[in-house]
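Colleague: coords please:
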Amino acid sequence: MTKDLVEVKSEFDAEFRRFSIPRVTDRGFLDFCQVVENIHHLSGISFVVFYTDPVGDLLPITNNDNFKKALATTVTLLRLTVQRKGMNTDRQTDIQTDRQAGRQTDR
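Modeller: Model prediction:
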């Protein structure tokens, strides 16, 4: 693996895929989403993409800036978590989402 490429490990449901992308690219977030969609066969499925940053935080990739930041901060392996849109990453996110929407929760 050269420094010009970033190795990616992508997880969707219980399925893992590995692929490489250029570290520096003119392509942006939407092109990247197309690659993820093709790799995981997600045609017709709405999804969101998160990456694990170097300190272990799970951060969203939602635009070109987030995408470039993910590539720039990755040292060896870009770890992605792909989820169906509307699925939350953890219970804390569920609680925060419910509070932001003003819904009463009894969790």
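
Colleague: Now do the contacts for Arg79.
Modeller: Under the criterion of C-beta atoms under 8 Å, 6 or more residues apart in numbering, the neighbours of Arg79 are Val8, Lys9, Glu11, Tyr51, Thr52. Every residue, glycine included, has its C-beta placed from N, CA and C.

Colleague: number of nearby residues for the last one?
Modeller: Other residues near Thr52 come to 17 when the count uses other C-beta atoms under 10 Å.

Colleague: show me what contacts it?
Modeller: Residues counted as contacts of Thr52 (C-beta under 8 Å, 6+ apart) are Leu58, Leu59, Arg79, Thr81.

Colleague: out of those, which are buried?
Modeller: For the contacts of Thr52, a burial check counting by 16 or more other C-beta atoms under 10 Å picks out Arg79, Thr81.

Colleague: Now, the contacts of Arg79 that are in strands?
Modeller: Val8, Lys9, Glu11, Tyr51, Thr52 (DSSP state E).

Colleague: Can you tell me which of these is closest to Thr73?
Modeller: Out of the ones in strands among the contacts of Arg79, the one with the shortest distance to Thr73 is Tyr51. That distance is 8.7 Å, counting by C-beta to C-beta.

Colleague: Kindly give the local confidence score, pLDDT, for the closest residue to the closest one other than its chain neighbours.
Modeller: Sequence neighbours aside, Ala70 is the residue nearest to Tyr51 in space, at 4.6 Å (criterion: C-beta to C-beta, 6 or more residues apart in numbering). At Ala70, the model reports a pLDDT of 95.

Colleague: OK, contacts around the closest residue to Phe67 other than its chain neighbours?
Modeller: Distances taken as C-beta to C-beta, 6+ apart put Phe29 closest to Phe67, at 4.3 Å, once the chain neighbours are dropped. By C-beta under 8 Å, 6+ apart, the contact list for Phe29 reads Ile61, Thr62, Asn63, Asn64, Asn66, Phe67.

Colleague: so who does the fourth one touch?
Modeller: Pointing back at Asn64 there. Asn64 sits next to Gly28, Phe29 when contact means C-beta under 8 Å, 6+ apart.

Colleague: Can you give me the neighbour number for Val49?
Modeller: Under the neighbour criterion other C-beta under 10 Å, Val49 is assigned a count of 22.
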